[in-house]
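> fold the stuff below for me.
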Amino acid sequence: MRKRLWLCICMLGLSLGLLSGCTGNNHRITVVGSTALQLLADQAGNNYRLANPGVSIVVQGGGSGTGLSQVQAGAVQIGTSDIFAENQAGINAKKLIDHQVAVVGIVPIVNKDAKVKNLSTRQLRAIFTGKLTNWKQVGGANEPITIVNRSKGSGTRATFEATILAGQASAKAQEQDSNGAVKKIVSSTPGTISYLSFPYASDPNIQKLAVDHVQPTDQNVSTNKWRLWSYEHMYTKGRSTKEVRAFIRYMLSAKVQKQLVPKLGYISVKTMQVVKDSQNRVQRIKVR
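Modelled structure (predicted):
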């Protein structure tokens, strides 16, 4: 009887030891924030996890504001954002470390029945501030304009408003918290207008707009000829774990920057010919 009991105790101890060994090496990295960056973070995270089985990477959206507040609170290891931490209310940027892992273009989109392919910056501003309300006012169909905005925590919205609205208040409109929801609504609802990050805008059911007759291309973003763009930031707080540092190094590696980034519709930080600061000031640099 004592032998059997001792054998059971030994087997239980061995099982617990094996379980501990399996879970102890599993390092979890949680990435939360920008839905514009989510597509890239998801795919890169999956590729990294396959090459590093001891690391678990969980990627979630929620918007840039959520990403910044969560990483500041220490609730996640990486907070992703389309805007600089300095520009988000309630965030102490001095306590966060900025890793710019990609650039993303932003493009105004309309439902195809609007019959519009180009708008001036002034026309876009007038639409999103409620001064223009019918597509015929800008040479399109005789149809009411319906604005679909992003939620207030969205970095994509912050970039769009800083570039287009010139300090004017946006008109009251329905708000959506993700690029995917915006694309679905605009593609299926006549008269709608909104804006998307480039990776989500390749859909035959929506019309991407040129602005001031400039086309929304990667090349035009890289020179700032297309002014609607932002960095994709991965923010960390204080001294990160070696697993987090290794993953961010991977995000900046040639494998990601030269292959995965352009494949998914983003722009490599290494091909930009300009830099932009938190005050939206742009300066030309030499091609890297």
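> from what I see, Thr217 and Trp226 are in contact.
Yes: between Thr217 and Trp226 there is a contact under Cβ atoms under 8 Å: 6.8 Å. In short, each C-beta sits where N, CA and C put it, glycine included.
> neighbour count winner among these two?
Trp226 (22 against 15; other Cβ atoms under 10 Å).
> how is the chain partitioned into domains?
As given by automatic domain parsing, the domain ranges for the chain are 27-103+228-284, 105-222.
> okay if I get those as CSV plus mean pLDDT?
Shown next, in CSV, are the domains of the chain (pLDDT from 0 to 100):
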stretch, mean pLDDT
domain 27-103+228-284, 95
domain 105-222, 95
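> helices of the stretch 1-150 of the chain, start to end?
Ranges of helices in the stretch 1-150 of the chain, per DSSP state H, counting those that start in this stretch, are 2-24, 35-51, 64-72, 121-128.
> quick one: residues contacting Asn224.
Each residue near Asn224 by Cβ atoms under 8 Å, 6 or more residues apart in numbering is listed here: 273-274, 276, 282, 284.
> that one in helix, strand or coil?
Using DSSP: H, G, I helix; E, B strand; the rest coil, the structure places Asn224 in coil.
> hang on, the earlier thing: separate out the buried members of the contacts of Asn224.
Lys276 (16 or more other Cβ atoms under 10 Å).
> which of the contacts of Asn224 fall within strands?
Those of the contacts of Asn224 mapping onto strands are 274, 276, 282, 284, per DSSP state E.
> from these, which two are the most distant?
Greatest spatial distance among the ones in strands among the contacts of Asn224 (Cβ to Cβ): Lys276 and Arg284, at 11.0 Å.
> list the buried residues of stretch 79-94.
79-85, 87-88, 91, 93.
> what's the answer for stretch 276-288, then?
So, applying 16+ other Cβ under 10 Å, buried residues of stretch 276-288: Lys276.
> same question for stretch 52-70.
55, 57, 59-70.
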